[in-house]
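S.K.: this one's structure only:
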């Protein structure tokens with residue numbers, strides 16, 4: 001028999017969930033968009049061609065060529081292709097997974113032989129991404145690095161997270177369940193990730209747009225997506 005206190009907790013949780021108005025959900029998503037696309041940035045991201053910090057929206061322009069440069073096993077390539085198919089559907093980009101070890105690809109993925117990485121001078125990480133942006137706010141190159149667990153096994157749970165960074169998500173948010181959050185334990189795109197990615201790549205939000213100009217447009221897009229259901 002279920003404990004009465006447990007039933008009461010579930011009942012109260014259901015009430016709280018029901019009390020979240022559509023406006024509250026929209027406000028949380030708008031705040032999450034601000035944090036992921038503009039805020040909470042570190043030195044691994046947002047390097048412009050001139051080497052300065054970019055304070056504007058960044059994304060791929062129309063197409064991107066991608067290659068698994070290291071660790072190009074059949075399993076890893078299949079995993080990357082599956083993820084990129086989802087990204088292509090959400091961004092309307094022409095995404096081309098080229099042959100392995102293609103050093104000329106704009107986005108290179110490394111399933112590394114290393115057990116971990118040192119980033120930001122003194123931090124250890126199982127995976128990381130970094131990118132370069134031109135003066136118009138367009139991503140022009142990116143790399144994703146995934147560490148190795150043991151023979152033929154990698155930390156693939158962080159692949160989606162790092163690919164989100166490589167597609168313009170330069171910060172983190174914990175306001176919604178998201179693969180970009182390192183607190184929620186999500187390794188696949190969530191419903192909220194779909195909304196945020198579709199908003200980032202909506203044509204109304206141009207590459208290089210300032211945060212002040214972008215946020216009202218982002219709210220309008222998110223409002224439409226939430227109303228679509």
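M.R.: Good, I have the coordinates. Here the structure is a predicted model, which is why all the values come from computation and not from measurement.
S.K.: how close does residue 155 sit to residue 130?
M.R.: For residue 155, the distance to residue 130 (C-beta to C-beta, to the nearest Å) stands at 17 Å. Every residue, glycine included, has its C-beta placed from N, CA and C.
S.K.: same question, residue 57
M.R.: Plainly put, residue 57 is 18 Å away from residue 130 if you go by C-beta to C-beta.
S.K.: then residue 161?
M.R.: Applying C-beta to C-beta, the value for residue 161 to residue 130 is 14 Å.
S.K.: please apply the same query to residue 68.
M.R.: Relative to residue 130, and taking C-beta to C-beta, residue 68 is found at 17 Å.
S.K.: likewise residue 63?
M.R.: Taking C-beta to C-beta as the measure, residue 63 and residue 130 are separated by 21 Å.
S.K.: which residue ranges of the chain form strands?
M.R.: Assigned by DSSP state E, the chain shows strands spanning 47-48, 63-70, 94-97, 107-111, 117-119, 123-125, 127-133, 139-146, 148-150, 153-154.
S.K.: what does the fourth one rub up against?
M.R.: Meaning strand 107-111. 64-73, 76, 80, 102, 141-146, 148, 154, 166 (C-beta atoms under 8 Å, 6 or more residues apart in numbering).
S.K.: may I see the ChimeraX selection of the buried members of the residues you listed?
M.R.: Selection command for ChimeraX covering only the buried members of these, criterion 16 or more other C-beta atoms under 10 Å:
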select :64,66,67,68,69,70,71,72,76,80,102,141,142,143,144,145,146,148,154,166
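S.K.: okay, residue 63 and residue 130: which has more neighbours?
M.R.: Counting neighbours by other C-beta atoms under 10 Å for residue 63 and for residue 130 shows that residue 130 has the greater number, 19 against 10.
S.K.: is that one bridged to anything, and to what?
M.R.: Following DSSP bridges, residue 130 is listed with bridge partners residue 143.
S.K.: surely it touches residue 141?
M.R.: No - Residue 130 is beyond contact range of residue 141, at 9.0 Å (criterion: C-beta atoms under 8 Å).
S.K.: pick out the residue nearest the middle of the protein.
M.R.: residue 164 (2.1 Å; C-alpha atoms, centre = their mean).
S.K.: if I pick that one, what's in contact with it?
M.R.: Contacts of residue 164 by C-beta under 8 Å, 6+ apart are 36, 179, 180, 193, 197.
S.K.: hmm, 7 Å instead?
M.R.: Taking C-beta atoms under 7 Å, 6 or more residues apart in numbering as the criterion, residue 164 is in contact with 179, 180.
S.K.: check the gap between it and residue 220 for me.
M.R.: Between residue 164 and residue 220 the computed distance is 22 Å (C-beta to C-beta).
S.K.: the protein: helices as residue ranges?
M.R.: Using DSSP state H, the helices found in the chain span residues 4-18, 22-37, 74-91, 159-166, 191-200, 211-228.
S.K.: looking at these, which one is packed in the most?
M.R.: Mean neighbours per residue, mean count of other C-beta atoms under 10 Å, is largest over the helices of the chain for helix 159-166, with a mean of 23.
S.K.: just the mean pLDDT for it, thanks.
M.R.: The average pLDDT for helix 159-166 rounds to 98.
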